[in-house]
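A.B. asks: Pasting the sequence and the predicted coordinates here, then a few questions.
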2 protein chains.
Amino acid sequence: MNTKTGPFDFCLDIGGSGTRGALFDRQGHQLARAEATGGALSLGAERSQSAIRGVWGRICAQTDLGEREQKTTRLWAGIAGRGLPGQAKELAALLDDFLQCRFVADGYGALLAATGGKPGALISIGTGVAALSLDENGKTMMLSGWGFPAGDIGGGAWLGLMACSALGKYIDGVDQSPPFPIFLAQEIMEVGGRKPQQFMAWQTKAEPHMFASLAPLVIAGAKKGDQFCHNLLERSAQEIVALATALYGKKTGTVYLRGGLGVPLYPLCRRIAPSFDWQPTEADPVEGIYLLASGQAPSEQILERPNAQNG
Amino acid sequence: MNTKTGPFDFCLDIGGSGTRGALFDRQGHQLARAEATGGALSLGAERSQSAIRGVWGRICAQTDLGEREQKTTRLWAGIAGRGLPGQAKELAALLDDFLQCRFVADGYGALLAATGGKPGALISIGTGVAALSLDENGKTMMLSGWGFPAGDIGGGAWLGLMACSALGKYIDGVDQSPPFPIFLAQEIMEVGGRKPQQFMAWQTKAEPHMFASLAPLVIAGAKKGDQFCHNLLERSAQEIVALATALYGKKTGTVYLRGGLGVPLYPLCRRIAPSFDWQPTEADPVEGIYLLASGQAPSEQILERPNAQNG
């Protein structure tokens, strides 16, 4: 097995709903892996610290490591909300019993894991949408991810929202082409309230993940051959293609697709934009963070969004 | 002047942000008019009562009427949230010092005022969208009005939301046709935060009226000849036309347009669907409620939405 001297690399992926981490020795062996609750910086640096210490505690229990080894352990984390003013600095101060702390953007780990640290692009399509690319100069572009309801177009929450809007029109007898399927009306109303009025009250309070919970109904409807569901997924895929195009500019390349909607949208994206090399992936962000920690991937240098200065 | 015996008709239009009322004698003379804060039933029957008594108090002060006359005064109100279970009954019980209380749906007064109690249709387009029609049998259809973010398509909040989504794509360098105008990006960001990141955080917390506050920017842009703004207004008008079509079925007729977006959308609706007789209106809901009170308009009979049973 591996020496117990260190430096160890404690690599984490910290999101809003979960925190995953693994400990690696200097030879790149994974010594242990553990999970804890969400620790995004939007929840506050204290909550982030507590999630990280939760993972660390479980890893220590598995490996028989402790306080002495912690002093030779470097902490590397991709963390949601890294851009929030002052928060990452505060969190680093709370964690000064580690040898060092390095925080990168949420999503950077997944990008590195997908591309193996080489140039390429990744679009994660879950409740929201995160689109990232790594260029030949090691620079990263991060697009989408603006949040709900105006941003993350093409993601699960957006898809659910579009289905709810169309349901309202259906109930009102407003013409839609292709027609809204009755089975989808019934399935959606099962989620938020049996009567139309109840359902539409539900949507005024629903959080993004609740809208996203409707996306599998649309995917299943498309599989059954329903045209409305198919077209809605197609619109989503068009949005993803537009993001890939923005990531690559006039060039082309590999676009890894990840997240709950990655696989369902893969064949549509491939058909709409065959010039890209589309690849479904289950890239593990913690592995990507280890590539960063071990110097096998470029350190994070994020480019400004293309029109950030024109606003 | 008019007799002080009664029965008087106290007619009100009660919304979420304001309550307007007027007192009429048996000859149809308006004796006084006053306003108070919002009293929608979603705020609770106590708040509704307090708004109504606020208007009544001001009317009594103007007319020198009081407790004795209240006993011969019938209260008629179009009230937002009339469909909320039990609320209207509770409110009527709180107001039993009036001769009687009759509550109809919010919007019915405006419909009657627009059509003069005759068959016709009204679409109010403000932050939200309320579409109503009165048919030859005195029956009313009420469409849209589902709420934000999935409903009220074509209204001010929806228009602002669409503009925000497009702004996010613009900042990301995602291709849009027609292109998103730089002046609109700057104007929108003035509202919610100077930097793109601030603005997009703003939209995750913005209420419908805050999105609707962006609609005048789009209208002004369209007036300047900008194609993006024009197309967005056109989409809104298409949604309104679809509602008018749903209200009238295979027939045609007059569609009154009301609310902050009624006048801007009027020429577009007329061009898209010339078979309807489109008419801008400033119909006063209180006047419509008086038509109801005085028997000049049919009592409210609301039809189910066309596909309410298929959900």
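C.D. replies: Yes, it's here.
A.B. asks: When you work out contacts or count neighbours from here on, use the C-alpha atoms and nothing else.
C.D. replies: Will do.
A.B. asks: Could you list the residues of the stretch 51-200 of chain A in contact with chain B?
C.D. replies: The stretch 51-200 of chain A has residues A:143-144, A:146-151, A:153, A:161-162, A:164-165, A:168-175, A:182, A:185-186, A:189, A:194-197, A:200 near chain B, with proximity defined as C-alpha under 8 Å from any C-alpha of the partner chain.
A.B. asks: Please enumerate the helices of the stretch 101-250 of chain A.
C.D. replies: A:108-115, A:156-172, A:182-192, A:196-205, A:208-212, A:215-223, A:227-248 (DSSP state H, counting those that start in this stretch).
A.B. asks: Pick the most buried one from the ones you listed.
C.D. replies: helix A:108-115 (a mean of 27; mean count of other C-alpha atoms under 10 Å in any protein chain shown).
A.B. asks: May I have the secondary structure class of the residue in the stretch 201-311 of chain A that chain B sits nearest to?
C.D. replies: Proximity of the stretch 201-311 of chain A to chain B (C-alpha to the nearest C-alpha) peaks at A:N307, 4.4 Å away. What DSSP: H, G, I helix; E, B strand; the rest coil gives for A:N307 is coil.
A.B. asks: so what's it up against?
C.D. replies: B:170-173 (C-alpha atoms under 8 Å, 6 or more residues apart in numbering or on different chains).
A.B. asks: tell me, which of those residues make contact with chain A?
C.D. replies: B:170-173.
A.B. asks: Among those, which one sits closest to chain A?
C.D. replies: B:I171 (4.4 Å).
A.B. asks: pretty sure A:D172 contacts B:G145?
C.D. replies: No - contact criterion C-alpha atoms under 8 Å: A:D172 and B:G145 do not qualify, at 10.2 Å.
A.B. asks: who touches A:L12 in this structure?
C.D. replies: With C-alpha under 8 Å, 6+ apart, A:L12 has these contacts: A:19-22, A:75-78, A:285-286, A:289.
A.B. asks: when you check the residues you listed against the strands, which ones overlap?
C.D. replies: Counted as lying in strands by DSSP state E, out of the contacts of A:L12, are A:19-22, A:75-78.
A.B. asks: Taking these, please make a ChimeraX selection of just the buried ones.
C.D. replies: A single ChimeraX command suffices to select whichever of the ones in strands among the contacts of A:L12 are buried according to 16 or more other C-alpha atoms under 10 Å in any protein chain shown:
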select /A:19,20,21,22,75,76,77,78
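A.B. asks: What is the most widely separated pair among the ones in strands among the contacts of A:L12?
C.D. replies: A:T19 and A:L75 (13.6 Å; C-alpha to C-alpha).
A.B. asks: any idea of the mean pLDDT for the particular helix or strand that has A:D13 in it?
C.D. replies: A:D13 belongs to strand A:8-14 when elements are defined using DSSP states H and E. Per-residue pLDDT over strand A:8-14 has a mean of 96.
A.B. asks: Does A:I52 touch A:T19 like I think?
C.D. replies: Yes - counting by C-alpha under 8 Å, A:T19 is a contact partner of A:I52 at 7.3 Å.
A.B. asks: Enumerate every residue touching the spatially most distant residue from the centre of chain A.
C.D. replies: Largest separation from the mean C-alpha position in chain A: A:G173, at 37.2 Å (C-alpha atoms, centre = their mean). Listed by C-alpha under 8 Å, 6+ apart, the contact partners of A:G173 are B:246, B:305-307.
A.B. asks: and those as a markdown table, adding distance to A:T252 and pLDDT?
C.D. replies: Output for these, formatted as a markdown table (distance: C-alpha to C-alpha, whole Å; pLDDT from 0 to 100):
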| residue | distance to A:T252 | pLDDT |
| --- | --- | --- |
| B:A246 | 46 | 97 |
| B:R305 | 49 | 94 |
| B:P306 | 48 | 93 |
| B:N307 | 46 | 92 |
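A.B. asks: Among these, which one sits closest to A:C101?
C.D. replies: For these, the nearest to A:C101 is B:N307 (57.8 Å; C-alpha to C-alpha).
A.B. asks: lowest average confidence, helix or strand, in chain A?
C.D. replies: In chain A, no helix or strand scores lower on mean pLDDT, DSSP states H and E than helix A:196-205, which sits at a mean of 85.
A.B. asks: With only the CA atoms kept, save it in CSV.
C.D. replies: C-alpha atoms of helix A:196-205 as CSV (Å, rounded to 0.1, in the frame of the first residue of the first chain):
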residue,chain,number,x,y,z
PRO,A,196,-56.0,22.4,-13.1
GLN,A,197,-56.4,25.2,-10.7
GLN,A,198,-54.4,23.4,-8.0
PHE,A,199,-51.6,22.6,-10.5
MET,A,200,-51.3,26.1,-11.7
ALA,A,201,-51.1,27.4,-8.1
TRP,A,202,-48.3,24.8,-7.6
GLN,A,203,-46.3,26.3,-10.4
THR,A,204,-46.2,29.8,-8.9
LYS,A,205,-44.4,28.4,-5.9
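A.B. asks: Run the chain-centre distance for that helix.
C.D. replies: The gap between where helix A:196-205 is centred and where its chain is centred comes out at 28 Å by C-alpha atoms, centre = their mean, to the nearest Å.
A.B. asks: Could you chop chain A up by domain?
C.D. replies: Domains of chain A are assigned by automatic domain parsing as A:8-106, A:119-281.
A.B. asks: I'd like those domains laid out as a markdown table, including distance to B:G117.
C.D. replies: Output for those, formatted as a markdown table (distance: least, C-alpha to C-alpha, whole Å):
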| stretch | distance to B:G117 |
| --- | --- |
| domain A:8-106 | 54 |
| domain A:119-281 | 23 |
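A.B. asks: Just list whatever residues bridge to the most centrally placed residue in chain A.
C.D. replies: In chain A, the C-alpha nearest the mean C-alpha coordinate belongs to A:S124, at 5.0 Å (C-alpha atoms, centre = their mean). The partner list for A:S124 in beta bridges (DSSP bridges) reads A:A130, A:R258.
A.B. asks: That one contacts A:V255, doesn't it?
C.D. replies: No - using C-alpha under 8 Å, A:S124 makes no contact with A:V255, being 10.3 Å away.
A.B. asks: For the spatially closest residue to A:P7 that is not a sequence neighbour, give me the pLDDT.
C.D. replies: Of all residues not flanking A:P7 in the chain, A:T72 sits nearest, at 4.8 Å (C-alpha to C-alpha, 6 or more residues apart in numbering or on different chains). Looking at A:T72, its pLDDT is 92.
A.B. asks: which residues does A:T72 contact?
C.D. replies: A:5-8, A:98-99.
A.B. asks: Would you quantify the distance from A:Q100 to chain B?
C.D. replies: 29 Å (C-alpha to the nearest C-alpha, to the nearest Å).
A.B. asks: need the contact list for that residue.
C.D. replies: Per C-alpha under 8 Å, 6+ apart, neighbours of A:Q100: A:73-75.
A.B. asks: Considering the residues you listed, which is situated nearest to chain B?
C.D. replies: For the contacts of A:Q100, the nearest to chain B is A:L75 (27.3 Å; C-alpha to the nearest C-alpha).
A.B. asks: No further queries at this time; thank you.
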